[in-house]
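Peer 1: kindly generate the corresponding structure for this input.
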Amino acid sequence: MKLHSVFLHKDCVLPDPLDPLCVPFGEQWTHVEEISSSVFDIMIRQAGWHFIWISGSCSRRGCAWTQAKAIENALGRALGAVSKQSNAAEFDSVRVTKCLGFHIATVTVQRRRIQELSLLEADVRDGSRALHADVREIR
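Peer 2: Numbers count the residues shown, from 1 in each chain. Below is the predicted model:
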């Protein structure tokens, strides 16, 4: 896994023209192959959608006999801690140490969300619906 790789939750909806090569990662996630988060962000925005940062990262540890497996274990645990509010995540950092023959990896992922509307647009649309509902009730 490369830093700044993108992971998509299994129920993540992407804009129509976007169909990246994804490889399953665990039961709930897929890994977007060969596309960094910055390039993926441009692709999402060119389709008219938003790739939003959600505050709060998830950091977890994993251990194994090999460095690669320790990173994979930690990454799986970090993704498992991502809330359902986020339908995507970015592999942000990794630190590996070795103790008594074991590799111990600490991985951090940043929570992300892919959606058609920005938060501001969603609030305006919800507000206008509420306004129209109030007008109908007055009549």
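Peer 1: when you work out contacts or count neighbours from here on, use the C-alpha atoms and nothing else.
Peer 2: Fine.
Peer 1: which residues in the chain form helices?
Peer 2: If DSSP state H is used as the criterion, the helices of the chain fall at 37-46, 67-80, 119-138.
Peer 1: what's near enough to touch the closest residue in space to P15 that isn't next to it in sequence?
Peer 2: Using C-alpha to C-alpha, 6 or more residues apart in numbering and skipping the chain neighbours, the partner closest in space to P15 is A47 (6.4 Å). Contacts for A47 (C-alpha atoms under 8 Å, 6 or more residues apart in numbering) come out as 15, 17-18.
Peer 1: which of those has the most neighbours?
Peer 2: The residue in the contacts of A47 with the most neighbours, by other C-alpha atoms under 10 Å, is P15 (17 neighbours).
Peer 1: distance check, that residue against R45.
Peer 2: Going from P15 to R45 by C-alpha to C-alpha, to the nearest Å gives 10 Å.
Peer 1: likewise for D11?
Peer 2: Relative to R45, D11 is positioned 20 Å away (C-alpha to C-alpha).
Peer 1: is it true that P15 touches W49?
Peer 2: Yes - P15 is within contact range of W49, at 7.0 Å (criterion: C-alpha atoms under 8 Å).
Peer 1: between these two, which contacts overlap?
Peer 2: Here P15 and W49 have E116 as joint contacts, going by C-alpha under 8 Å, 6+ apart.
Peer 1: any weak-confidence spans in the chain?
Peer 2: Applying pLDDT under 70 to the chain flags residues 119-139.
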